[in-house]
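**Student:** just need the structure, nothing else, for what follows:
(one chain, ligands or ions: 3)
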Amino acid sequence: MKKHIVLLPGDGIGPEVTQAAKKMLEAVAERYQHTFTFESQEIGGSAIDSQGTPLPEDTIEACKKADAIFLGAVGGPKWDHLPGHMRPEKGLLGIRKQMELFANLRPVKAFQQLLHASPLKPEVVAGSDLLIVRELTGGLYFGEPSERKNNGTQVVDTLAYQKHEIERIVEKAFESARVRRKHLTSVDKANVLESSRMWREIVEEKKHDYPEVTVEHMLVDAAAMKLVTNPTAFDVIVTENMFGDILSDEASVLTGSLGMLPSASIRTDGVGLYEPVHGSAPDIAGQDKANPLAAILSVAMMLKHSFQMEEEAEQVEKAVADVLAERFHTSDLSISNGVKVSGSVLAKKVVEQLSTSDTTENIMRCYV
Ligand SMILES: NC(=O)c1ccc[n+]([C@@H]2O[C@H](COP(=O)([O-])OP(=O)(O)OC[C@H]3O[C@@H](n4cnc5c(N)ncnc54)[C@H](O)[C@@H]3O)[C@@H](O)[C@H]2O)c1
Ligand SMILES: CC(C)[C@H](C(=O)O)[C@@H](O)C(=O)O
Ligand SMILES: [Mg+2]
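**Tutor:** Numbers count the residues shown, from 1 in each chain. Ligands and ions are numbered 1, 2, ... in the order given. Reported below is the predicted structural model:
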């Protein structure tokens, strides 16, 4: 199969983890005789520096023509003083919005090999395997007005949704639950917010179309607590943009590190942007310390969701699990008797594992 992939390395550790993702895609192409072509474009702080805007036209055009997009990370202290519309993060928000990538899938799975890497008790973490379905192009992130008023003495951000925007993300979550363990937790703040009360109504309406899926509603504050006390109680979580952002970083604690969480930002026709959940990690950028596994697992999601390459995706996940089983890890993970290596060495090990592994072995299913 021929596929054209746009790479958006971005800032901080973004280029480091994008390099790992590209190497993995090249290895998959070689092993399975696909032709993947690549094109790099600028976004975020690096685009501000060279082109004066966080989302250049060329980047948008290239993304619109691509079969899939991979993004490293954007942002960093160098650009923190800039006004809101000029920040690196606006580039990422802009590409999500312009491409209508409304469904952000964030799988959180505790690898057996990393149960002791989490600060939580291994018996709490064991068996955690959940999917956060985060609404990505609405809510507080995009509502108008969002401004300071009255000589800077007043400020407003707006949490706004159209009914169809809630319906499509809720449908996506039900579809995901249907092929998983058939349990959906809708997370909201319906005891306070009108938008959450409408969200709840829509989930109640839609559940009749998915009788095989059990549904529960949970307030976001309680959900935050339950995620770290009883994570195995969750299968699929559906929630609005801001709640999903916060809960997903919290859920990364189950896996041992934020550097383990992949994500897919997709729309109904399968077009997608694949991005690790983590940011540009300015504290470790340029030191070859970044954990590349979130990026590599995001490649697996690209293979599955945009290219329908199920076997290839599963082999990438298996390569990650195998390398972790050999106790290789980056410094963000603590593994007793582990072998601490740099980010590029860890990526090389996983790529080599994919290139040499026996594909007839039993495949471990990690992500849906
Ligand atoms: N998708 C994105 O582009 C994205 C996501 C989140 C944050 N950001 C941006 O990144 C910048 C830094 O934000 P932050 O520090 O709050 O969040 P962050 O995710 O960049 O880092 C949080 C902590 O996790 C660690 N970490 C993150 N990824 C890691 C990896 N792959 N390997 C090892 N350790 C890792 C960092 O070293 C840091 O200690 C900000 O400008 C923010 O806006 C971008
Ligand atoms: C960088 C930022 C705009 C982004 C978000 O809040 O969506 C990030 O935190 C994420 O989780 O992808
Ligand atoms: Mg985030």
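
**Student:** got the residues of the stretch 101-250 of the chain near ligand 2?
**Tutor:** Along the stretch 101-250 of the chain, the residues adjacent to ligand 2 under the rule Cβ under 6 Å from any ligand atom are Asp245. For the C-beta atoms, the positions are set from N, CA and C on the backbone; glycine is no exception.

**Student:** and the helices in the stretch 101-250 of the chain, which stretches?
**Tutor:** 122-125, 163-178, 194-206, 220-229, 241-251 (DSSP state H, counting those that start in this stretch).

**Student:** ok, longest helix in the protein?
**Tutor:** In the chain, ranked by residue count with DSSP state H as the criterion, the top helix is helix 14-32.

**Student:** buried set for the helix or strand that that helix is followed by?
**Tutor:** Reading on from helix 14-32 to the C-terminus, the next helix or strand found by DSSP states H and E is strand 35-40. The neighbour-count check on strand 35-40 (16 or more other Cβ atoms under 10 Å) flags Phe36 as buried.

**Student:** then stretch 68-86?
**Tutor:** The neighbour-count criterion (16+ other Cβ under 10 Å) identifies 68-76, 79 as the buried residues of stretch 68-86.

**Student:** now do stretch 270-278
**Tutor:** Applying a neighbour-count criterion of 16+ other Cβ under 10 Å, one finds 271-278 buried in stretch 270-278.

**Student:** now those in a markdown table, with distance to Phe142?
**Tutor:** Written out in a markdown table, the entries for those read as follows (distance: Cβ to Cβ, whole Å):
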| residue | distance to Phe142 |
| --- | --- |
| Val271 | 19 |
| Gly272 | 19 |
| Leu273 | 16 |
| Tyr274 | 21 |
| Glu275 | 18 |
| Pro276 | 22 |
| Val277 | 20 |
| His278 | 22 |
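
**Student:** filter the residues you listed down to the ones close to ligand 2.
**Tutor:** When the buried residues of stretch 270-278 are checked against ligand 2 using Cβ under 6 Å from any ligand atom, the ones in range are Val277.

**Student:** so what strands line up beside the longest strand anywhere in the chain?
**Tutor:** Ranked by residue count and defined by DSSP state E, the top strand of the chain is strand 2-10. Taking DSSP bridges as the criterion, strand 2-10 forms sheet pairs with strand 35-40 (parallel), strand 68-73 (parallel).

**Student:** could you check the angle helix 14-32 makes with the first one?
**Tutor:** This points to strand 35-40. The directions of strand 35-40 and helix 14-32 differ by 170 degrees, with axes from the mean of the first three to the mean of the last three Cα atoms, to 10 degrees as the criterion.

**Student:** could you do the last one as well?
**Tutor:** Strand 68-73 and helix 14-32 are oriented at 150 degrees to each other (the same axes, to 10 degrees).

**Student:** hmm, strand 68-73 touching ligand 2?
**Tutor:** No. In terms of Cβ under 6 Å from any ligand atom, no part of strand 68-73 sits within range of ligand 2; the closest distance is 7.7 Å.

**Student:** quick one on the thing from earlier: in the longest strand of the chain, what's buried?
**Tutor:** 3, 5-10.
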